[in-house]
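Asker: my questions concern the predicted model and sequence given below.
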Amino acid sequence: MEEISGAEALLEALRREKVDTIFGIPGGAILPVYDELYDSDIRHILCRHEQSAAHMADGYARASGKPGVCFATSGPGASNLVTGIATAYMDSSPLVAVTGQVPKAMIGKDSFQEIDIIGITTPITKHNFQPMRAAEIPRIVKAAFYIAATGRPGPVLIDIPKDVQTEKDSIAFPNEVKLRGYNPHIPLRMDEVKRAVRLLYESKKPVILAGGGVKSSNAFSELHELSEMLQAPVATTLMGKGAFPENHPLSLGIVGMHGTPEANRLTIEADVILAIGIRFSDRTTGNVEEFCVDSKIIHIDIDEAEIEKNRYVDVAIIGDAKEALKTIIEGLRSIGIAEKKEWRERILAIKEHYKERNMDEHFKLTPPLVLKTLRRVLPEDAIITTEVGQNQMWAALHFKVFKPRTFISSGGLGTMGFGFPAAIGAKVAVPDVPVVDVAGDGSFCMTENSLSTAVAEKVPVIVLILNNERLGMVAQWQRLFYGRRYSAVELRNPDFVKLAESYGAQGWRVADINELENALSQALVSEIPSVIDVPISPEEDVMPMVPPGKGLAETMGVT
Ligand SMILES: Cc1ncc(C[n+]2csc(CCOP(=O)(O)OP(=O)(O)O)c2C)c(N)n1
């Protein structure tokens, strides 16, 4: 067998995993890999910060469903990846991060640009590897992709010492991966499924809460079928947004701290809650002690560790959501479902009660109107990413999503600066649909230098900044809970139009909805990235809101 280097083995193994794009920044400890990349067909996207490289790979993964890949050098390169890896971990997004490491003999000696990235990332990866021989690389890459994409998806890191990258050996490429102690294919326990079927059959007021797990397992059509079969309305978590079409009569939008009033109201009234692929996060349940105390809860999750981590449940189904839903549907079909006339009427009445008033009169740039305009202008399959803060919650509340994998947001870690690089990654993965980052001014400034990457790599994403010249969500909390004592929230922003132009992108500042529509329609046909600066009032709150520590019944801002 011909001898090849560890770096060559890495790229060949990535090619065999059908990797077409890598996001990264080179440096001393990963130079042998970058040298191999020089001759490779794999597209490399040069980032300006490793955090953005990880977010781009994450955005690529969330839009395509395939693991995203990022590269960084040792030391500061690797440590800059950490926020991006943690973001992917918290949101169960499949990512494979490859870092260079100092040569084996220099590990543990405080060598130049050495950091213990294995130790640092242990709590924020599903697994990490440090090959000590070049011949281990193909098996490790195969295992990394398998672990990242199966079961509950998540990030995996491979840290390769520099001399392992250059070492030559006759290296074999396995076709299969077997990992002792890791078996993501969990057979359903039929006794639990039967109990779930019985509870759903007997329920008078069922509600489905759909989370990110529905997306990971591609259980969209099963969710649709079950919801209609049961006449159960569907509320989603932030991560689940997109799992159920939000123009469906049974859609309630998002539930929780900034949930829609109809989602929070009907969740409280439910007698049986079917929670699918959710982790009962505090942002979803409010005070968990008060969360639906009188309803029966069925929880489907692939990760056993999620069961009763946050909330006691009546029935736990551990396994793949798609398979579990299919089996439940079959079970229900065999016994038949009684029509729930009263519940249907109640759902309609609640939805009618909270129906938004027509806001189109004034053409003022209020966030809800901006987001509705965006929805009107974009095709159904356009992808939205968000930053973190008010912009994110306004987008979750007012931008209706109709297709799976078209709403991408940092839910678990809540990472400002995520949305723009994630938009670039998503656009690279799905180039034929428009991709818009709904941004806050503060968040955009955290990773705005990715404009360089977007321009250089010809990735025409659109950034729409809801510009309140504030760290808006922090200001909202200070307004509501700290007696308007605004501490460290005012921003002095750059001129975003000039900023965009100086990077070679294009920019608009808009004064009303007409100008917004014009800017959007020009940006949509443009081949260069666009930044649209939308000034909004700094006093605007995201409402409704469940105050921190309170139950869903104590929602503020609803009439
Ligand atoms: C990296 C990071 N630092 C700090 C925070 C805390 N934080 C949450 S929301 C927010 C304000 C966000 O401001 P902006 O991006 O302007 O969005 P807005 O709320 O105004 O829409 C801050 C500072 C965070 N989520 N992430």
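Answerer: That came through fine.

Asker: all strands of the stretch 351-500 of the chain, in order?
Answerer: 383-386, 407-408, 435-440, 462-467 (DSSP state E, counting those that start in this stretch).

Asker: so what pLDDT did the residue in the stretch 201-350 of the chain that the ligand sits nearest to get?
Answerer: Proximity of the stretch 201-350 of the chain to the ligand (Cβ to the nearest ligand atom) peaks at residue 258, 11.5 Å away. All C-beta spots, glycine's among them, are computed from the backbone N, C-alpha and C. pLDDT for residue 258: 93.

Asker: how about the residues of the stretch 51-200 of the chain by the ligand?
Answerer: Contact residues, the stretch 51-200 of the chain versus the ligand (Cβ under 6 Å from any ligand atom): none.

Asker: ok, residue 25 - contacts?
Answerer: With contact taken as Cβ atoms under 8 Å, 6 or more residues apart in numbering, residue 25 is in contact with 46, 47, 48, 49, 50, 53, 71, 72, 73, 77.

Asker: now tabulate the residues you listed in TSV and tack on neighbour count, distance to residue 190 and secondary structure.
Answerer: Converted to TSV, these look like this (neighbours: other Cβ atoms under 10 Å; distance: Cβ to Cβ, whole Å; DSSP: H, G, I helix; E, B strand; the rest coil):
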residue	neighbour count	distance to residue 190	secondary structure
46	13	52	strand
47	28	48	coil
48	17	53	coil
49	21	50	coil
50	28	47	helix
53	31	45	helix
71	28	45	strand
72	31	46	strand
73	24	51	coil
77	25	49	helix
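
Asker: can you tell me which of those residues lies nearest to residue 208?
Answerer: Of all the contacts of residue 25, residue 53 has the smallest distance to residue 208: 36.5 Å, by Cβ to Cβ.

Asker: okay, that closest one: pLDDT?
Answerer: Note on residue 53: pLDDT of 98.

Asker: and for the one 3 residues further on?
Answerer: We have a pLDDT of 99 for residue 56.

Asker: without its sequence neighbours, what residue ends up closest to it?
Answerer: Leaving aside its sequence neighbours, residue 56 sits nearest to residue 425 (Cβ to Cβ, 6 or more residues apart in numbering; 3.6 Å).

Asker: neighbours of that neighbour, just the number please.
Answerer: By other Cβ atoms under 10 Å, 33 other residues sit near residue 425.

Asker: near the ligand, which residues of this protein?
Answerer: Residues of the chain lying close to the ligand by Cβ under 6 Å from any ligand atom are 387-391, 414-416, 440-443, 466, 468, 470-474.

Asker: and residue 148, how close does it get to the ligand?
Answerer: 24 Å (Cβ to the nearest ligand atom, to the nearest Å).

Asker: surely that residue is in a strand?
Answerer: No. Applying DSSP: H, G, I helix; E, B strand; the rest coil, one finds residue 148 to be helix, outside a strand.

Asker: distance of it relative to residue 6?
Answerer: 20 Å (Cβ to Cβ, to the nearest Å).

Asker: ok, residue 246 - contacts?
Answerer: Taking Cβ under 8 Å, 6+ apart, we find residue 246 in contact with 253, 400, 401, 402.

Asker: so residue 555 sits against residue 268, correct?
Answerer: No. Assessed by Cβ atoms under 8 Å, residue 555 is found out of contact with residue 268, at 9.5 Å.

Asker: in terms of neighbours, single out the busier of these two.
Answerer: residue 555 (22 against 18).

Asker: find the nearest non-adjacent residue to the more buried one, please.
Answerer: Nearest one to residue 555, counting by Cβ to Cβ, 6+ apart, is residue 544 at 4.8 Å.

Asker: ditto for residue 113
Answerer: Leaving out its chain neighbours, the residue that sits closest to residue 113 by Cβ to Cβ, 6+ apart is residue 75, at 3.2 Å.

Asker: you'd agree the one you found is up against residue 115?
Answerer: Yes. Under the criterion of Cβ under 8 Å, residue 75 makes contact with residue 115 at 4.9 Å.

Asker: pretty sure residue 374 sits against residue 520.
Answerer: Yes. Counting by Cβ under 8 Å, residue 374 does reach residue 520; the two are 6.9 Å apart.

Asker: now do the shared contacts for those two.
Answerer: Joint contacts of residue 374 and residue 520 (Cβ under 8 Å, 6+ apart) are residue 464.

Asker: per-residue pLDDT, the closest residue to residue 410 other than its chain neighbours?
Answerer: Excluding its sequence neighbours, the residue lying closest to residue 410 (Cβ to Cβ, 6+ apart) is residue 418, at 4.2 Å. Residue 418 is assigned a predicted lDDT (pLDDT) of 98.

Asker: residue 418: what's it in contact with?
Answerer: 55, 58, 87, 385, 387, 388, 409, 410, 443, 447.

Asker: closest to the ligand among the contacts of residue 25?
Answerer: Nearest to the ligand out of the contacts of residue 25 is residue 49 (Cβ to the nearest ligand atom; 12.7 Å).

Asker: where does pLDDT dip in the stretch 401-550 of the chain?
Answerer: Within the stretch 401-550 of the chain, no stretch has pLDDT under 70.
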